[in-house]
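J.: dropping a prediction and its sequence here:
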Amino acid sequence: MPRFRHLLTMTLGAALLQSPLLHAEELPAAIRKIEEKGAKIIGSFDAPDGLRGYAAQYQNRGMALYLTPDGKHVLLGNLYDANGKDLSAEPLQKLVYAPMAKEVWAKMESSAWIADGSKDAPRVVYLFSDPNCQYCTLFWEQARPWVKSGKVQLRHIMVGIIREDSPGKSAALLASKDPSKALDDHEKAGKQSALKALPTIPQEVQDKLNANMALMEELELPATPAIFYLDAKGDLQQQQGAPSPDKLAKILGPK
């Protein structure tokens, strides 16, 4: 996931630095040339020794640009001080990655997910889930103490990628009269699950599956489960695959 891994340490709701979004007409000519190559200039920030910093976004990556004092040259890359501190990290996080994180979280909120746990749970965890995914079932089992205590609600964003009948099984869960119970029954049963794939998927349900798959592809997620959560600092984090026991508290919080 080369593009999406840059989203893993973003802070939701972080304020921009001192500069609002820049309009093209306000950009120096040298920076406009970079914009013409496909970069989206998000904002500017102070930099040392007469340089002017610009935060850009290119193919879901944050990119730091530095305009030289003469306004004729642009340096691309991270800038470090004498102590090895990355002076580009904070501006990029606040100007680029924080808004991207907020957007990703909002897209997951509006996706077709099945709730697992109390709607009043103080912590929400999203995961892209396939009914034939044994590691999704493993994470479901791992999360039981947190879900049953009311501390966490898992939101399963249903997709169908593992086997030929995966889309039909996801559709069956989404189309159920009680999707939460249907998912619970399926996961409890494990390999003995009686869940059957829908032979014909209603268009409304197919649209939901298509949107979930499009989101998974947009985020360049290679497999299920792909787990998303907010850490103690409010940073958006991702776990690919069922987590090791030592990571559960980071994802689900204290028991």
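T.: Okay, I see it. Numbering: from 1, shown residues only.
J.: in the chain, which spans are strands?
T.: Listed in chain order, the strands of the chain (DSSP state E) span residues 10-11, 40-46, 52-58, 61-67, 74-76, 113-116, 123-129, 152-158, 226-230, 235-240.
J.: for those, which one sits closest to Lys208?
T.: strand 152-158 (7.9 Å; Cβ to Cβ). All C-beta atoms are positioned from the backbone trio N, CA, C, and that covers glycine.
J.: now do the domain split for the protein, please.
T.: With domains defined by automatic domain parsing, the chain comprises 4-97, 111-252.
J.: and these, which is most packed in?
T.: For the domains of the chain, average neighbour numbers computed from mean count of other Cβ atoms under 10 Å are highest in domain 111-252, which has a mean of 17.
J.: what about that one, how long is it end to end?
T.: 21 Å (Cα to Cα, to the nearest Å).
J.: ditto for stretch 34-43
T.: End to end - Cα to Cα - stretch 34-43 spans 14 Å.
J.: quick one: mean pLDDT over that stretch.
T.: Mean pLDDT, stretch 34-43: 93.
J.: quick one, what contacts the nearest residue to Thr68 once chain neighbours are set aside?
T.: Leaving out its chain neighbours, the residue that sits closest to Thr68 by Cβ to Cβ, 6 or more residues apart in numbering is Leu51, at 6.6 Å. Going by Cβ atoms under 8 Å, 6 or more residues apart in numbering, Leu51 touches 66-69, 75, 79.
J.: ok so, going back, closest one to Asp185 among the strands of the chain?
T.: Taking these one by one with Cβ to Cβ, strand 113-116 is closest: 11.9 Å.
J.: apart from its neighbours in sequence, what residue is nearest Leu95?
T.: Nearest residue to Leu95 in three dimensions, chain neighbours excluded: Ala55, at 3.8 Å (Cβ to Cβ, 6+ apart).
J.: pass me the low-pLDDT residue ranges in the stretch 101-250 of the chain, would you?
T.: Filtered on pLDDT under 70, the stretch 101-250 of the chain yields no residues whatsoever.
J.: Leu87 reaches Tyr66, doesn't it?
T.: No: applying Cβ atoms under 8 Å as the test, Leu87 and Tyr66 come out as separate, 9.6 Å apart.
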